[in-house]
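S.K.: quick check, what structure comes out for this input:
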Amino acid sequence: MSFGWINVFGAIIVVLMLVPNVVYALKNRGEENRCTNRWMNLLEQIGRYGCIAFMWFPLLVGKFSFRSVPEMTLYLGGNGALLAVYWFVYARYLRERTRRRALTLAVVPACIFLMSGLLLRHWLLVVFALLFAVGHIYVTTQNVA
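M.R.: Now for the predicted structure:
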């Protein structure tokens, strides 16, 4: 299966990951980032926006495609399962903030981006997923300490 110049499934995945973040931001206006490491904050943002862009667009890849139906099934099923976990943990996190839930919410999106990059053979997405993972997990640990 091939997606062509835009990955609609990737776009939907990104939007579904952003919804709980928007809800959290609206409920917690003015919350400040306690991470003082400028480079890790920058790494997190570069990774985040790179992942968002590369989930939608096959920049420097040509087109998104899978080599087999099982790969596509793993992409859809794996991302669906990870999104379900993400939403479930987010709902619990909104009721009670714990370090474990915060770290889960940092790791799951990185796993979604990384798995998507690997299955789509989009190596730039893989690189940005790793950057995001390192930055996001570090920043999260600093904010929940």
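S.K.: would you map the helices across this protein?
M.R.: 8-27, 38-56, 69-95, 99-120, 123-143 (DSSP state H).
S.K.: adding mean pLDDT and mean neighbour count, write those out as a markdown table.
M.R.: Every residue, glycine included, has its C-beta placed from N, CA and C. Shown next, in a markdown table, are the helices of the chain (pLDDT from 0 to 100; neighbours: other C-beta atoms under 10 Å):
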| stretch | mean pLDDT | mean neighbour count |
| --- | --- | --- |
| helix 8-27 | 93 | 15 |
| helix 38-56 | 96 | 18 |
| helix 69-95 | 96 | 15 |
| helix 99-120 | 97 | 20 |
| helix 123-143 | 97 | 19 |
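S.K.: pull up the gap between the spatially most central residue of the chain and S68, please.
M.R.: The centroid of the chain falls nearest to P109 when counting by C-alpha atoms, centre = their mean (3.1 Å). Using C-beta to C-beta, to the nearest Å, P109 is found at 26 Å from S68.
S.K.: got it, and I6?
M.R.: Distance, I6 to S68, by C-beta to C-beta: 22 Å.
S.K.: try V126
M.R.: V126 is 19 Å from S68, where distance means C-beta to C-beta.
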